[in-house]
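Asks: Fold the stuff below for me.
(chains A and B)
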Amino acid sequence: MITHSHSALPGADDITREQLENGIVVLTRPNFNSPSVMVSGYLAAGGIFDPAEKLGLADFTASALMRGTHKRDFQSIYDALESAGASLGFSGATHTASFNGKALAEDLPLLLELLTEALLEPVFPGQQVARLKAQLLTGLAMRAQDTHEMASLTFDQIVYANHPYGRPEDGFPETVEKIHREDLIDFHKKHYGPQGMVISIVGAVKPVDAVQWVRAALGNWKNPDQPQPPELPALTPLVDSVTQKFSIPGKSQSDVVVGAAGPARSAPDFIAASLGNSVLGQFGMMGRIGDVVREQAGLAYYAYSGLSGGLGPGPWSVAAGVDPENVDEAVDLICAEIERFVTQPVSAEELSDSQANFVGRLPLALESNGGVAGALLNLERYDLGLDYYRDYAEQINAVTVEDVLAAAQHYLDPNKLAIAIAGP
Amino acid sequence: MPQTVTNITLSNGLQVMLKEIHTAPIISNWVWYRVGSRDEIPGITGVSHWVEHMQFKGTQQFPAGVLDKAVSRDGGMWNAFTYMDWTTYFETMPADKIDLGSRLEADRMVNSVFDADEVASERTVIISERQGNENHPLFQLGEAVQAAAFRVHPYHHEIVGDLADLKTISRDDLYRHYKSYYQPNNAVLVMTGDFETESMLARIQELFEVIPSGETPLRRARPEPQPRGELRLVVEGPGETAFVQDTYRAPAATDPDFFPFVVLDSLLTGPSSLNLFGGGISNKTSRLYRGLVEGELAVSIQGDLPATIDPFVYTITATVHPQRQPDDVIRAMDDEIKRAQDEIPSPEALARAVKQAKALFAYGSESITNQGFWLGFTEMFASMDWFDQYLDNLAAVTPEDVQRIAQTYLRPQNRVLGTYLPTGNGEVSL
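Replies: Below you'll find the model as predicted:
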């Protein structure tokens, strides 16, 4: 039995990566300290394939996979899972459909069996699809009342006009209304397949067994007509700052989101931008933004900045929840901080603080099976190499204050910001 | 489940619980205080939570802004939570850095400054936190239901406090509350992770035992009288979605009825987990999901039975299906509850609930932080034994127990039934 009594960071010597003949990539790392196993992964079946009039189709399809298969109906699927104290779920994102499952190690075969059935043999029963549709539409009605979500959505529509990132992956009520059972069947038939699929298994299972199980379950899966995901179109840059308000009457608080498109994960300045973002709105109690907006001005319970990276240019933005009367003041403070961030380099101390944080927090981020499973998927998704976490400190510490300033100036222009507000 | 926990009380009354876990180079450090919204009277509701915020505003040794930077620089995660019965602070850090967490917890147990300017700026932050909550229909409904369920007991008010009090609580109110409850003899220190007990205990003694014990604070939550009939209420607000909260007076966590109630809840609404980190599992085979969601009366269903010092409430929350009315949901809920009262559940259903609880424990034990949470949490309303024996106690529940709980507790006389009625978009007159 392999044990990691004092697990080091994952690396090439303890991650097994195998690509099956049909294209599926299996990543696995054992952890016998825990009696459970985490199974995570994704397929190239994201919302980027959604027709505009049926936006939300990929997400709907992913959510419907477990509503019934050729072998089991909805209740039988969940009876098997829940009786074992296991879980499995699918969801849609822009580039991929993803899944997450966990079980006690003894129930891993069951988990993989259900995963395989859901991926290969879903039947999308009519009644279940109608039921799920009502649930999704209710979710969208609740979203329309959520100031935080509507501020983010409004932000995306400003920054990513005419770009897939401007379209919410769960769609709009009028587009989800138009999605029917046949659409799900067609989407599944066309887009679900082994090309681009990655599966990560972490926990109390030997690597050889994990790979063998995946091979036995999914090794023969084929979909020769599976299309390649389309290239992302170029972004249309903003020529001026744009402010948009989404009105939700009766609410006590407004949410604001301010920012622009940030780097893709593969951009050479991604790590410099991430460290800069930490200084701007993460480090300590949410960086400079938290200090100015929350600690000094007392304007918000939460105020931070986020940078998502990803396959394409995900958003780099500041978010805060404030009293509707204080929206203008909060936006001014945020814009002033962004201006300072792109005109003056961060201090050497600020940078070294964030560098120490990035390196120091890694063991905590990789403590649980779920954390490691997600980390292995990132290695594959962004082609980082199996020793990425071992070499991480070196990469982080190589960034200079000049690199951070250059990255900030590359992505954030104080005169070309998207400012989205949702509230009463 | 914990194998060996060192559990001792220092000379100043501070209880210390240490559990070595050598699976990752991480240590989680928790300090728990026996104070929460249960210790508040009208006029100072929300004071416990506000004190928690002030605990991040600095001491002479660690001024505001120094603490958070120090913890973050070392790659640590830290936070605090205020609940009805307790308030807790934790730092999870690389094992060789945990001394910082210990030093800052010892320091802020007694030395927080509560600077008047910081109090002023935090007032608007906390009001903003409350406004953020108010944006959510379920907060509005939950607050109204809880206030109706508790007329006398301080479980009456939300942890964040009433807006009126958040506007008027003074620096002195906060400081007095802090000085009354933040005593070593009113606290429990928990540490889990990659350390050696003997030397860690010596270090904890060195840092904490110098803090003198104080007068043990009175905890004087007034007992709630037995409810004398069903209460129904309606909250109106913006939106298109209706919600139902069906609540019943529930037993305290130390009541023998609590464990059969956990099983009943698991049958009705699915397994709940005690994990703060580690997640849960779905509830699609639970009776209420099958009856209400599969029956297309609701789009989601959830149950909640918190472990509390005094009897709190068991809550079933349903999101009403867009083509249905709240009354349809309430009727179907009542049918399922009647079934639980009329029929003895199968032994298989009980065995399944126990297996689910075991799996949830396994997921939660992957996190050293979560293991620290478990130890302190159970100490706040019971003791470590409660936690140690949790699975055994669930396994000992009989089908007859479950039926009896349904008959005893899920009665209309024990109930507050709340409905959130949406008034649409732009039509609300508040």
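Asks: would B:T419 count as being in a strand?
Replies: Yes. Per DSSP: H, G, I helix; E, B strand; the rest coil, B:T419 lies within a strand segment.
Asks: quick one, what contacts the residue nearest to it when sequence neighbours are not counted?
Replies: Distance criterion CB to CB, 6 or more residues apart in numbering or on different chains; nearest residue to B:T419, sequence neighbours excluded, is B:P326 at 4.6 Å. Just so you know, the C-beta spots here come from the backbone N, C-alpha and C atoms, and that holds for glycine as well. The contact partners of B:P326, taken as CB atoms under 8 Å, 6 or more residues apart in numbering or on different chains, are B:242, B:244, B:320, B:419, B:421.
Asks: most surrounded residue in the residues you listed?
Replies: Among those, the one with the most neighbours (other CB atoms under 10 Å in any protein chain shown) is B:V320, at 26 neighbours.
Asks: How about the contacts made by the closest residue to it other than its chain neighbours?
Replies: Across the structure, with CB to CB, 6+ apart as the measure, the residue nearest B:V320 apart from its sequence neighbours is B:A242 (3.9 Å). If you count contacts by CB under 8 Å, 6+ apart, B:A242 has them with B:319-320, B:325-326, B:419-422.
Asks: which other residues reach the least confident helix or strand in chain B by mean pLDDT?
Replies: Sorted by mean pLDDT, DSSP states H and E, the helices and strands of chain B end with helix B:66-73, the least confident at a mean of 88. With contact meaning CB under 8 Å, 6+ apart, helix B:66-73 is reached by A:283-285, A:353, A:356-357, A:360, B:56, B:58, B:62, B:78, B:91, B:93, B:100-101, B:104.
Asks: Can you give me the buried ones in it?
Replies: Of the residues in helix B:66-73, those scored as buried under the neighbour-count criterion (16 or more other CB atoms under 10 Å in any protein chain shown) are B:67-73.
Asks: how far away is B:R171 from A:P414?
Replies: Distance, B:R171 to A:P414, using CB to CB, to the nearest Å: 38 Å.
Asks: now swap in B:I21 and tell me
Replies: With distances defined as CB to CB, the gap from B:I21 to A:P414 amounts to 48 Å.
Asks: What does the pLDDT read for the residue nearest to B:V320?
Replies: The score at B:A242 is 97. That number is its pLDDT.
Asks: Strands along the stretch 1-150 of chain B, start to end?
Replies: Secondary structure of the stretch 1-150 of chain B (DSSP state E, counting those that start in this stretch): strands at B:6-9, B:15-20, B:26-33, B:77-82, B:87-94.
Asks: would TSV of those with mean pLDDT be doable?
Replies: As requested, the strands of the stretch 1-150 of chain B are arranged in TSV below (pLDDT from 0 to 100):
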stretch	mean pLDDT
strand B:6-9	97
strand B:15-20	98
strand B:26-33	97
strand B:77-82	94
strand B:87-94	96
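Asks: how about those strands, which one is nearest A:Q19?
Replies: Judged by CB to CB, the one of the strands of the stretch 1-150 of chain B that comes nearest to A:Q19 is strand B:26-33, at 33.0 Å.
Asks: relative to strand B:15-20, how tilted is that closest one?
Replies: Between the axes of strand B:26-33 and strand B:15-20, defined by axes from the mean of the first three to the mean of the last three CA atoms, to 10 degrees, the angle is 160 degrees.
Asks: Strand partners (parallel or antiparallel) of strand B:26-33?
Replies: Each strand that pairs with strand B:26-33, with its direction, by DSSP bridges: strand B:87-94 (antiparallel), strand B:187-193 (antiparallel).
Asks: quick one, the first one and strand B:77-82 angle?
Replies: Inter-element angle recorded for strand B:87-94 and strand B:77-82: 170 degrees (by the same axes, to 10 degrees).
Asks: Repeat that for the shortest one.
Replies: Orientation of strand B:187-193 against strand B:77-82 (the same axes, to 10 degrees) gives an angle of 150 degrees.
Asks: ok, then the element right after strand B:187-193?
Replies: Stepping forward along the backbone from strand B:187-193, the first helix or strand reached (DSSP states H and E) is helix B:197-208.
Asks: count of neighbours near residue 152?
Replies: Let's take chain A. Residue neighbour count, defined by other CB under 10 Å, stands at 21 for A:S152.
Asks: looking at chain B here, not the other one
Replies: Considering only other CB under 10 Å, B:V152 is surrounded by 11 other residues.
Asks: Could you give the number of residues near the closest residue to chain A within the stretch 1-150 of chain B?
Replies: Nearest residue of the stretch 1-150 of chain B to chain A, counting by CB to the nearest CB: B:G75, 1.9 Å away. The local packing count at B:G75 equals 21, with neighbours defined by other CB under 10 Å.
Asks: any idea how far the nearest residue to it once chain neighbours are set aside lies from B:I344?
Replies: Closest residue in space to B:G75, ignoring its immediate chain neighbours: A:G360 at 1.9 Å, by CB to CB, 6+ apart. From A:G360 over to B:I344 the distance is 55 Å, taken as CB to CB.
Asks: Pick out the residue closest to the middle of the chain.
Replies: Just so you know, I chose chain A. A:A93 (7.4 Å; CA atoms, centre = their mean).
Asks: you looked at the wrong chain, it should be chain B
Replies: B:Y83 (5.2 Å).
Asks: For the closest residue to chain B within the stretch 251-400 of chain A, the count of nearby residues, please.
Replies: Here the residue of the stretch 251-400 of chain A nearest chain B is A:G360; by CB to the nearest CB that distance is 1.9 Å. As a burial measure, the neighbour count of A:G360 was computed by other CB under 10 Å and equals 19.
Asks: circling back to that earlier point, and A:L57, which of the strands paired with strand B:26-33 is closest to it?
Replies: Comparing these by their distance to A:L57 (CB to CB), the top pick is strand B:87-94, with 40.9 Å.
Asks: can you give me the offset of the closest one from its chain's centre?
Replies: A distance of 16 Å separates the C-alpha centroid of strand B:87-94 from that of its chain, computed with CA atoms, centre = their mean, to the nearest Å.
Asks: and it, C-alpha only, in PDB?
Replies: Backbone C-alpha positions of strand B:87-94 (Å, rounded to 0.1, in the frame of the first residue of the first chain) are rendered in PDB as follows:
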ATOM      1  CA  THR B  87     -18.400  32.600  19.000                       C
ATOM      2  CA  THR B  88     -15.300  31.100  17.500                       C
ATOM      3  CA  TYR B  89     -12.000  32.200  15.900                       C
ATOM      4  CA  PHE B  90      -9.600  30.000  13.900                       C
ATOM      5  CA  GLU B  91      -6.300  30.000  12.000                       C
ATOM      6  CA  THR B  92      -5.200  27.200   9.900                       C
ATOM      7  CA  MET B  93      -1.600  27.600   9.000                       C
ATOM      8  CA  PRO B  94       1.500  25.700   7.800                       C
END
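Asks: Tell me what angle that strand forms with helix B:66-73.
Replies: Direction vectors for strand B:87-94 and helix B:66-73, defined by the same axes, to 10 degrees, enclose an angle of 40 degrees.
Asks: Residue 199 - how many residues pack around it?
Replies: Because you didn't say which chain, this covers chain A. Neighbours of A:I199 under the rule other CB under 10 Å: 27.
Asks: try chain B instead
Replies: Counted with other CB under 10 Å, B:S199 comes out at 9.
Asks: residue boundaries of the strands in chain A?
Replies: With DSSP state E as the criterion, chain A has strands at A:16-19, A:25-30, A:36-43, A:87-92, A:97-104, A:198-203, A:242-247, A:254-261, A:300-307, A:315-322, A:418-423.
Asks: With mean pLDDT and distance to chain B added, can I get the ones you listed in JSON lines?
Replies: Shown next, in JSON lines, are the strands of chain A (pLDDT from 0 to 100; distance: least, CB to the nearest CB, whole Å):
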{"stretch": "strand A:16-19", "mean pLDDT": "98", "distance to chain B": "20"}
{"stretch": "strand A:25-30", "mean pLDDT": "98", "distance to chain B": "13"}
{"stretch": "strand A:36-43", "mean pLDDT": "97", "distance to chain B": "5"}
{"stretch": "strand A:87-92", "mean pLDDT": "96", "distance to chain B": "4"}
{"stretch": "strand A:97-104", "mean pLDDT": "97", "distance to chain B": "5"}
{"stretch": "strand A:198-203", "mean pLDDT": "98", "distance to chain B": "9"}
{"stretch": "strand A:242-247", "mean pLDDT": "97", "distance to chain B": "8"}
{"stretch": "strand A:254-261", "mean pLDDT": "98", "distance to chain B": "8"}
{"stretch": "strand A:300-307", "mean pLDDT": "95", "distance to chain B": "4"}
{"stretch": "strand A:315-322", "mean pLDDT": "97", "distance to chain B": "5"}
{"stretch": "strand A:418-423", "mean pLDDT": "98", "distance to chain B": "9"}
